[in-house]
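# Structure, please.
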Amino acid sequence: MSAGVLRRTLDFLSDWAVLAFAAWTLIAYAGMATGARVSLLTVVFLIVALLVGFGRFVLSGRISAPTVTVEPELARPHRGLALWGIAGSLVSAVLAAAAPGIPWPILLLPALVGVGLAVADGRLRLADRGWVESVTGWPADAFAAAVGVAFSTMSLFISDQNADDVFYVNRATATAQLNHIPVRDVIFTDERVSRLGGTGLPVEAYAALEGAVARLFGVHAASITYYASPPLMTFLATWALWRLLRSWATARPVLCFALACVFLVWSAQFDLSAGSFFLTRLWQGKVVFVAWLVPTLYVYLTRWLGRRDALTAVLLVGAGLCSIGLTSSATFAVPLIVSAAALPLLAARRWSGLPVLAATAGIPFAIGFVVTRTHPLGDRFPGGVLPTEWYYRAMFGVGVVSVIAAAALWTAPWLARAGPAQALTTGIAIVAVVLLAPYVFRALSEVSGLTGSRALRRTLWVIPFPPLVGLLAAVPALALVERRLSPLPAWLRSAAGFAPALLVAVLLVVWGKPLWAGDAHWESRPTWKTNQAALRTARAILSRYDGEGPIVADQRVMKAIALLTVEPKAVNPRTWYALLTNEPSERTNDRLALTRLIMEPGHPPSAGEVRSALAALGVGLVCVPEQNTSVVREVEEAGYEEAFRTRRQLCLAEQPGAPGS
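As a prediction, the model looks like this:
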């Protein structure tokens, strides 16, 4: 294989995926507006996908290859500014992890000083440099591809059940079974009320694509979700990371990539951490956005700062459209990401580069803004404004992982390749330090109407943690150390270059949390990422039940029912969604009461509440563990009788003529 063939091929496929999904997003929106059949939309999509692939091929033939460099291309910093800037960054990173009791402004101040010194040293300034990539032969590209294949395989065998699947997988299932893309709620109702508030705007098109593919091939949508999406998107996300570090790393890009991958695997401390937004959940649109599209966007933005050509412009605009199809949070996340690239252009007064960036940010913002006019975000979030420290801890992690993540962010302006990469990472640090400033999240909460919501932590998706951590493997100061080690043998001097990466990797492995820890676990074979016992029970119940009314059962079983079908429905597959869905509060309370009946037999609702809830919701089947005789008796007194038994569940159906029948 000649050098560059693998790289060009996988870069092409990655760009094609962006443009194809952007096209699908437009097609899906047309389908949502018209109620068109998914079978028709799929045919249109396949034709358009071929056309955009051909267009990408034609445009790439007109664009020259990037400049390549063999030697590390380092900016020459002012030594005093560099030392104080890096010191401030490290102090802030350590204090935030080790001394959370200190007032937040004091914790952030050293980082602010470090970012300010980076700007003073001219690191936001765009030098007269083009788009530059490191020289790496095909073995380096093959290594990155092999890591992608390994991660893709892992994605099939690690199961980390996630409650959000009630939204994402149910949407894919609904698209396949209904043969149209639903705009309104299909979890609890037959599209009678608007979808859940918060970030559940009807703009997400990724799950709809999974459902369309499932219908095309005649398989269950959840099988596409759990068996096809994870390996495909994991590979694309891994390759996007490699693409970005080829442009950002000053030296040893392969080592930087390897360290970034170690961080991804060992940074799964919380549900919101970088490691948790990777291969264990890469079938959810928001996770695809973070793991794949954010680094891909930064690849395009780096190229745009270095040279402005038609292909990059098309890819940027396509990525903007792609983003809103993945998650409604792109409404505010993409403008923040793009602003990190706009800052260097504004500082250099290069106005000609701004319109494309404005379009990239404006598309998701405009679509999200317009949709909120008819689908309000809702005001049912419990609690008040969350403190900035909560958002920081949730995204950066705790302990050593937090120190490494923060140090990578604040020192990136000093570590990235001179030129577009350096200016862009400085822009990222500026946006991040502004977001983390006191009272900023409070202001955003009030402006957005998401008071008390955890969704605002998604503003911090502007920080691409894995590639920034990867840059720690290319510390520029190492050149000084190597000169001082000149009397030592060449192999030892060369080995010294691996010391920073090795140190960070060891710290992550020892004190981090791997993807397979906690609730996640390895499976002996690929499975749906849900409770297997509950899934078997749900299948057994659905195979025996031929009614139309919703089903009450153990909540794990109700979740599985929501993954399997949109008709009949489960009464309450997830309580959080029931609280957010725009149903009358009385119906929500009825759902919660029936959930307590099954899940909390020791503290059940009153008999009157049970009868009222069963009748109001039109419940057709109640499945109770056989040993819960008191619950069985109460359901029987409400007018239900035994219909069948399956998997230690006694299922009672409504008697003809009973109240509510």
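# V299 against L241, yeah?
No: counting by CB atoms under 8 Å, no contact exists between V299 and L241, whose distance comes to 9.7 Å. No exception for glycine: its C-beta is placed from N, CA and C like everyone else's.
# now S194: how far from F188?
11 Å (CB to CB, to the nearest Å).
# Counting neighbours, go ahead and name the busier of these two.
A count of neighbours by other CB atoms under 10 Å puts F188 above the other of S194 and F188, at 25 against 20.
# Need the three-state assignment for the closest residue to A501 other than its chain neighbours.
Nearest residue to A501, sequence neighbours excluded (CB to CB, 6 or more residues apart in numbering): A473, at 3.5 Å. At A473 the chain is in helix, as set by DSSP: H, G, I helix; E, B strand; the rest coil.
# In contact with A473: list those residues for me.
Going by CB atoms under 8 Å, 6 or more residues apart in numbering, A473 touches 249, 252, 255-256, 258-259, 498, 500-501, 504.
# A helix includes L354, no?
Yes: under three-state DSSP, L354 falls within a helix.
# Now it: closest residue in space that isn't a chain neighbour?
Ranked by CB to CB, 6+ apart and with sequence neighbours excluded, the top spatial neighbour of L354 is L345, at 5.8 Å.
# cool, and V91?
Per CB to CB, 6+ apart, closest to V91 is P110, 4.2 Å.
# any idea which helix or strand carries the one you found?
helix 104-120 (DSSP states H and E).
# which element follows that helix toward the C-terminus?
strand 132-134.
# so after that following strand, what's the next helix or strand?
Next along the chain after strand 132-134, taking DSSP H and E as the criterion, comes helix 138-157.
# Residues contacting that next one, please?
1-7, 10, 227, 230-232, 234-236, 238-239, 242, 253-254, 257-258, 261, 278-280, 282, 515, 522-526.
# Enumerate the positions of it that are buried.
140-141, 144-145, 147-148, 151-156 (16 or more other CB atoms under 10 Å).
# For the residues you listed, give me TSV that also has pLDDT.
Converted to TSV, those look like this (pLDDT from 0 to 100):
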residue	pLDDT
A140	92
D141	94
A144	96
A145	97
V147	98
G148	98
F151	97
S152	97
T153	97
M154	97
S155	96
L156	96
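# Q649 contacts V622, doesn't it?
No: taking CB under 8 Å as the definition, Q649 is not a contact partner of V622, at 9.9 Å.
# just to revisit the earlier point, going by distance to T426, which of the contacts of A473 wins?
A249 (15.9 Å; CB to CB).
# which residue packs closest to that closest one, ignoring adjacent ones?
Setting aside the residues directly before and after it, A249 is nearest to C256 in space (CB to CB, 6+ apart), at 4.3 Å.
# Can you report how many residues lie near the one you found?
28.
# Now it: which helix or strand?
helix 253-265.
# Check A653 too.
Going by DSSP H and E, A653 is in strand 649-654.
# got the buried residues for the helix or strand containing the residue nearest to L354?
In the assignment (DSSP H and E), L345 maps to helix 330-348. Across helix 330-348, burial judged by 16+ other CB under 10 Å covers 330-345, 347.
# Stretch 499-519 too?
By neighbour count with 16+ other CB under 10 Å, stretch 499-519 contains the buried residues 500-501, 504-505, 507-508, 511-513, 515-516.
# Check those residues and tell me the two furthest apart.
Farthest apart among the buried residues of stretch 499-519 by CB to CB are P500 and W516. That separation is 26.5 Å.
# host element of the residue nearest to the spatial centre of the chain?
Taking CA atoms, centre = their mean, the centroid of the chain lies closest to V287, which sits 2.0 Å from it. Element membership for V287, per DSSP H and E: helix 285-288.
# Can you name every helix or strand that that helix contacts?
Counting contacts by 3 or more CB pairs under 8 Å, 6 or more residues apart in numbering; DSSP states H and E, helix 285-288 is packed against helix 206-217, helix 229-248, helix 310-326.
# After that helix, which helix or strand is next?
helix 294-306.
# SS state for Y29?
helix.
# do the same with F644
Per three-state DSSP, F644 ends up strand.
# Can you tell me the number of residues neighbouring it?
Applying other CB under 10 Å, we find 16 residues neighbouring F644.
# Which residue, neighbours along the chain excluded, lies closest to it?
R544 (4.8 Å).
# The one you found contacts R645, correct?
No: counting by CB under 8 Å, R544 does not reach R645; the two are 9.2 Å apart.
# what is in contact with these two at once?
C651.
# Go ahead and name everything in contact with stretch 94-114.
Surrounding stretch 94-114, the residues in contact under the criterion CB under 8 Å, 6+ apart are 84-89, 91-93, 387-389, 392-393, 396, 398-400, 402-403, 406, 410-411, 433, 436-438.
# Filter those down to the buried ones.
The buried subset of these (16+ other CB under 10 Å) comprises 85-86, 88-89, 91-93, 388, 392-393, 396, 398, 400, 402-403, 406, 410-411, 433, 436.
# So which of these are in strands?
Using DSSP state E, no member of the buried ones among the contacts of stretch 94-114 sits in strands.
# Show me those that map onto helices.
Members of these lying in helices (criterion: DSSP state H): 85-86, 88-89, 91-93, 388, 392-393, 396, 400, 402-403, 406, 410-411, 433.
# my guess is A222 contacts W528, does it?
Yes: using CB under 8 Å, A222 is in contact with W528, at 5.6 Å.
# any shared contact partners between these two?
With CB under 8 Å, 6+ apart as the test, A222 and W528 both reach L563.
# Can you give the contact residues for stretch 541-557?
Taking contacts as CB under 8 Å, 6+ apart, the residues outside stretch 541-557 that touch it are 531, 534, 537-538, 558, 561, 564-565, 567-575, 594-595, 597-599, 614, 617-625, 643-644, 646, 649, 651, 653-654.
# What's the local residue count around the closest residue to M599 other than its chain neighbours?
Spatial nearest neighbour of M599, excluding adjacent residues (CB to CB, 6+ apart): Q555 at 5.8 Å. Q555 has 18 neighbours, counted by other CB under 10 Å.
# now Q555: how far from A163?
10 Å.
# and for those two, which residues touch both?
Common contact partners of Q555 and A163 (CB under 8 Å, 6+ apart): R574.
# give the contact list for the nearest residue in space to L26 that is not next to it in sequence.
Spatially, and ignoring its direct neighbours in sequence, L26 is nearest to L321 (6.9 Å; CB to CB, 6+ apart). For L321, the contacting residues are 22, 25-26, 363-364, by CB under 8 Å, 6+ apart.
# Check the residues you listed and tell me the two furthest apart.
Most distant of these, by CB to CB, are L26 and P364, 12.9 Å apart.
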